[in-house]
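Novice: For reference, the sequence and a predicted model appear below.
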Amino acid sequence: MTMKPLLPALAALALAACASGPSGVEVTRFHLSQPLSGQTISVVPPDGVDAGNLEYQAQASAVAAELARAGFQPAAPGQAAALRATLRLDSSSREEERRSPFSVGIGGMTGGRNVGLGGGVNFPVGANRTRTVTMATLFLQIRRASDGAVQWEGRASETLQGRNVTAAAPRLARALLTGFPGPSGQTVRVRPAAQ
């Protein structure tokens, strides 16, 4: 029995796994399965955040758009909303070393009488490089305006190449609010549709 036909298939599978890797946004949500969509809602900044801050405004606009897609009614200016949504976008960055994509391999094989021995050594060619990897996490909490009771909360996390966290806000908000209210207490991976 020969293993030769199986080896190219295994190599192709390994390459496909390396090329694709984990994808999507990691999402966790908590709620009491109470009907919320259809009610009026306003997005308000958390304590200590200036509502006029341009970065916050971009993040709040992304969340407000996804809340509307989920069936909520945006409160008009000056209107008292039934619900209040508070968001926070956090990030942490680290430098990650990337190995050179090129290598030189030296191999050899000896054998006879149906017995074979093989071996090989790879040497990287070129200098290793570093890249900035950022973990962005969007936290969102929906409270009743009347008494401040939490009705729904969740978080969405994604690893980014680079540090532009605000640009990821629309994608994180879409993943977080896809299928609202979503499964409670479970961490799932969501691939949000294109914006």
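Specialist: Thanks, I have it.
Novice: Return the mean pLDDT over the helix or strand containing residue 173, rounded to an integer.
Specialist: Using DSSP states H and E, residue 173 maps to helix 169-177. What helix 169-177 shows for mean pLDDT is 96.
Novice: What degree of burial does the residue lying closest to residue 53 once chain neighbours are set aside show, as a neighbour count?
Specialist: In space, and not counting its chain neighbours, residue 53 is closest to residue 45: 8.0 Å by CB to CB, 6 or more residues apart in numbering. The C-beta positions use only the backbone N, C-alpha and C, and glycine is treated the same way. By other CB atoms under 10 Å, 17 other residues sit near residue 45.
Novice: List the residues that contact residue 45.
Specialist: 51, 53, 56, 60, 86 (CB atoms under 8 Å, 6 or more residues apart in numbering).
Novice: Next, find the distance separating the nearest residue to residue 44 once chain neighbours are set aside from residue 172.
Specialist: Nearest residue to residue 44, sequence neighbours excluded (CB to CB, 6+ apart): residue 84, at 5.2 Å. As judged by CB to CB, to the nearest Å, residue 84 and residue 172 stand 20 Å apart.
Novice: Those two - which one has more neighbours?
Specialist: Set residue 84 next to residue 172 and count neighbours by other CB under 10 Å: residue 172 wins out with 29 against 17.
Novice: Thought residue 24 was touching the more buried one, still the case?
Specialist: No. Assessed by CB atoms under 8 Å, residue 172 is found out of contact with residue 24, at 11.2 Å.
Novice: anything in contact with each of these two?
Specialist: residue 158.
Novice: shouldn't residue 141 be in contact with residue 85?
Specialist: Yes. Between residue 141 and residue 85 there is a contact at 7.1 Å, judged by CB under 8 Å.
Novice: between the two, who's got more neighbours?
Specialist: residue 85 (21 against 17).
Novice: ok but the more buried one is inside a strand, no?
Specialist: Yes. Under DSSP: H, G, I helix; E, B strand; the rest coil, residue 85 sits within a strand.
Novice: ok now do it, which residues does it touch?
Specialist: Counted by CB under 8 Å, 6+ apart, residue 85 has contacts 41, 42, 43, 44, 63, 64, 67, 140, 141, 142, 143.
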